[in-house]
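**Student:** I'd like to go over a predicted model; first the sequence, then the structure.
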Amino acid sequence: MAKSQNSYHCTECGWTTVRWVGRCGECQAWGSVVERGGAPVAKVSALAPASPALPISQVSSDSSRRRLTGIAELDRVLGDGLVPGAVILLAGEPGVGKSTLLLDVAAKWANSGQTTLYISGEESASQVKLRATRTKAIHDDLYLASETDLATVLGHVDQVQPTLLVVDSVQTISASGSDGTPGGPTQVREVTGALARVAKREGMAVIIVGHVTKDGSIAGPRTMEHLVDVVLTFEGDRHSGFRMVRATKNRFGPADEVGCFEMGEFGIVEVPDPSGLFTTTHTEPVPGTCVTVTMEGRRPLLAEVQALVAPSLQQTSPRRTTHGLDSSRIAMVLAVLERKAQLPLSQRDVYVSTVGGARVTDPSVDLAAAVAVASAALQRQYPRRLLALGEVGLAGDLRRVPGVERRLAEAARLGFELALVPTGSRDVTQKVPRLAGLKVVEVSSLAEALGALDLARARH
């Protein structure tokens with residue numbers, strides 16, 4: 001006879017344990033572990049497999065050939081398309097455009113001759129139809145249903161037999177045989193597991209929309225991320241039209257790739273060359289600006305840093321305001337400028353921002369921020385087609401950054417004429433085509449970089 005054993009579970013994430021603990025071992029929440037009723041522990045006996053195990057060399061991969069979604073930027077992130085049977089989790093903040101993007105994906109998938117089923121648990125079918133009409137995402141092979149019950153969703157799958165299923169969103173679907181409310185850890189885990197099992201059995205690609213918490217992490221238990229094959233995050237500022245899809249987990253391709261989009265009046269549009277979104281065009285050199293090249297995954301992106309330095313009305317505590325940059329790193333760069341480059345900033349307000357709402361966390365932006373601040377403080381106009389990249393150390397030294405070759409190749413393609421890079425990058429910079437007109441200058445310290453700019457300014 002099966003024995004009964006008490007268990008404990010976390011009310012926040014659903015983590016289970018056989019004994020009580022004060023802190024959850026999964027989400028680290030205090031006081032969230034409570035006792036659950038005793039469940040019978042039955043002995044599991046072996047069963048004969050439905051199909052025998054095969055040597056890996058004899059396993060056919062014909063059924064797992066990728067299919068393009070029709071959106072090149074999304075295919076780049078997925079690794080050249082969708083794999084049949086793959087389960088993708090797309091998470092993002094409310095209003096960022098997840099539903100609009102996936103409705104476009106569903107329409108293009110249907111347009112390629114594949115049957116598509118779009119399940120909306122947050123909107124009615126008529127509301128989704130209105131958005132589809134506005135974005136021109138209408139096709140006869142795109143089936144639409146508004147459901148919140150898992151069993152009904154699986155019934156639609158059996159009836160339509162789609163090759164792509166979109167569920168928007170997993171927090172609105174409930175499984176009648178599971179405890180908890182819709183969106184709770186137990187329900188989310190059960191719904192995700194059921195959809196993953198159906199996807200593997202039918203060879204159907206499934207895209208699940210997930211919500212995020214206040215700190216930007218995916219809502220629900222972490223086991224949901226383990227159940228899926230691909231985890232994508234849809235990022236963007238609601239005050240800016242730029243959007244970015246980033247892969248944080250990908251069993252079928254690179255997990256460091258990004259795709260760029262722009263939200264417009266008629267939906268989301270791909271941005272295959274987004275460098276122009278984060279730079280401005282000046283006919284003459286302007287004090288307080290400098291351009292750098294950041295790496296988003298394996299893609300180089302240009303980003304322009306602008307700085308403004310003004311006399312402070314509060315001599316004891318001048319303002320330090322940043323936008324799109326790490327405030328602590330900018331504070332460090334300002335301290336290094338004052339101590340190692342003798343630039344007086346302690347009684348002046350400093351404002352540093354990126355162009356186009358870009359968020360830059362790459363340490364290579366340090367040198368560009370320092371050049372922009374120095375240019376604004378000294379009111380010096382450095383060459384217009386100037387590029388600077390390098391990490392600034394506390395001793396005023398410059399450190400090399402990865403991917404210098406690709407960064408400089410992107411700058412050369414866009415017509416930049418002068419690039420400041422840390423010393424030690426010579427073996428990489430020799431690979432940059434000299435016919436592009438890009439002159440690469442190696443500098444070992446922040447003071448040396450400012451001196452090289454003064455020399456280039458004098459020549460111009």
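**Tutor:** Nice, thanks for sending it over.
**Student:** Please enumerate the helices of the protein.
**Tutor:** 72-78, 98-111, 125-134, 150-160, 185-202, 223-227, 327-340, 365-378, 404-413, 426-429, 446-459 (DSSP state H).
**Student:** most packed of these?
**Tutor:** Of the helices of the chain, the one with the most neighbours on average (mean count of other C-beta atoms under 10 Å) is helix 365-378, at a mean of 26. Where you see a C-beta, it was placed from the backbone N, CA and C, and this is true even at glycine.
**Student:** mind checking how far it is from the chain centre?
**Tutor:** Centroid displacement of helix 365-378 relative to its chain, using C-alpha atoms, centre = their mean, to the nearest Å, is 28 Å.
**Student:** Where does the prediction get shaky in the stretch 1-150 of the chain?
**Tutor:** Applying pLDDT under 70 to the stretch 1-150 of the chain flags residues 1-5, 37-44, 62-63.
**Student:** Where do the strands of it begin and end?
**Tutor:** Here the stretch 1-150 of the chain has its strands, by DSSP state E, counting those that start in this stretch, at 3-10, 16-17, 33-41, 87-92, 116-120, 142-146.
**Student:** need the least confident one among the helices of the chain, by mean pLDDT.
**Tutor:** Mean pLDDT values for these show the minimum at helix 426-429, a mean of 54.
**Student:** count of residues packed around Trp30?
**Tutor:** 8 (other C-beta atoms under 10 Å).
**Student:** List the single closest residue to it in space, sequence neighbours excluded.
**Tutor:** Arg23 (5.3 Å; C-beta to C-beta, 6 or more residues apart in numbering).
**Student:** Isn't that neighbour up against Thr17?
**Tutor:** No. Using C-beta atoms under 8 Å, Arg23 makes no contact with Thr17, being 10.8 Å away.
**Student:** hey, what's in contact with both of the two?
**Tutor:** Common neighbours of Arg23 and Thr17 (criterion: C-beta atoms under 8 Å, 6 or more residues apart in numbering): Val33.
**Student:** Any regions of the stretch 151-300 of the chain where pLDDT drops low?
**Tutor:** Using pLDDT under 70, the stretch 151-300 of the chain drops low at 214-216, 221, 238, 277, 281-283.
**Student:** ranges for the strands of it?
**Tutor:** Going by DSSP E, counting those that start in this stretch, the stretch 151-300 of the chain shows strands at 164-168, 205-210, 230-236, 242-250, 258-264, 267-270, 289-296, 299-311.
**Student:** want to throw those strands into TSV with distance to Leu343 and mean neighbour count?
**Tutor:** Shown next, in TSV, are the strands of the stretch 151-300 of the chain (distance: least, C-beta to C-beta, whole Å; neighbours: other C-beta atoms under 10 Å):
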stretch	distance to Leu343	mean neighbour count
strand 164-168	52	25
strand 205-210	47	26
strand 230-236	34	22
strand 242-250	32	20
strand 258-264	35	20
strand 267-270	42	18
strand 289-296	15	25
strand 299-311	9	21
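**Student:** Out of the ones you listed, the one nearest Ile56 is which?
**Tutor:** Closest approach to Ile56 among the strands of the stretch 151-300 of the chain (C-beta to C-beta): strand 242-250, 21.0 Å.
**Student:** Show me what the closest one packs onto, helices and strands only.
**Tutor:** If contacts are counted by 3 or more C-beta pairs under 8 Å, 6 or more residues apart in numbering; DSSP states H and E, strand 242-250 sits against helix 72-78, strand 230-236, strand 258-264.
**Student:** And it, how far out from the chain middle?
**Tutor:** Using C-alpha atoms, centre = their mean, the offset of strand 242-250 from its chain centre is 3 Å.
**Student:** Equivalent analysis for stretch 14-25, please.
**Tutor:** Taking C-alpha atoms, centre = their mean, one finds the center of stretch 14-25 at 31 Å from the center of the full chain.
**Student:** measure it end to end?
**Tutor:** Start to finish, the residues bounding stretch 14-25 are 11 Å apart (C-alpha to C-alpha, to the nearest Å).
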